[in-house]
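A.B. asks: sequence plus the predicted model coming up.
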Amino acid sequence: MSGKPINPQQVKLYMEARRAGKTQKTAAAMAGMSERSGRRIEKGELKTRGTCRRYWRTHPDFFAGIWDSEIIPQLEERPGLQAITMFRKLQKDHPGEYPDEKLRTFQRRVRCWKINHQRNSRVKENGSATVE
């Protein structure tokens, strides 16, 4: 069982078994984890995955230098443009600066921008609020 992350359902199952009077060893086996993990749960040392969503950046923004000056004007001019097309043009204009490994990051940034831009446009069209 080593190396496998413990999910919240396992923790719940373990704690229910302990409340029912089972030993650490038995409760851990019922929950599919090690006895050591059971002890860590009881001490409050074990953090389960998925308890909260991260909202901060873990890496510096790779596209910060060109986002406002090159990408946003392209998106505003042609909102139907696909991220892959823009990324290939970016690679052509800046050879060696933007590796293929950054394509997914770029796609996420473009998707978020389009979602936010469409939401702001709808608000402006409806006249219910002004967005700057």
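C.D. replies: Right, received. Where do you want to start? What you see is a predicted model; the values in this text were computed from it and never measured.

A.B. asks: tell me how many other residues surround residue 34.
C.D. replies: With neighbours defined by other C-beta atoms under 10 Å, the count for residue 34 comes to 16. C-betas here are computed from N, CA, C, even on glycine.

A.B. asks: isn't it up against residue 28?
C.D. replies: Yes. Residue 34 is in contact with residue 28 according to C-beta atoms under 8 Å; the separation is 6.1 Å.

A.B. asks: now do the residue nearest to residue 72 when sequence neighbours are not counted, the pLDDT please.
C.D. replies: Nearest in space to residue 72, with sequence neighbours left out and distances taken as C-beta to C-beta, 6 or more residues apart in numbering, is residue 113 at 7.2 Å. On pLDDT, residue 113 comes in at 92.

A.B. asks: likewise the one 10 residues further on?
C.D. replies: At residue 123, the model reports a pLDDT of 59.

A.B. asks: ok, residue 2 next?
C.D. replies: So residue 2 comes in at 56 (pLDDT).

A.B. asks: what do you get for residue 8?
C.D. replies: At residue 8, the pLDDT value in this model is 88.

A.B. asks: what's the answer for the one 5 residues further on, then?
C.D. replies: Residue 13 is assigned a pLDDT of 94 by the prediction.

A.B. asks: does it touch residue 29 like I think?
C.D. replies: No. Counting by C-beta under 8 Å, residue 13 does not reach residue 29; the two are 10.7 Å apart.

A.B. asks: residues near the residue nearest to residue 72, how many?
C.D. replies: 17.

A.B. asks: and the host helix or strand of it, what does it pack against?
C.D. replies: For residue 113, the element it lies in under DSSP states H and E is helix 103-126. Judged by 3 or more C-beta pairs under 8 Å, 6 or more residues apart in numbering; DSSP states H and E, helix 103-126 is in contact with helix 72-77, helix 83-93.
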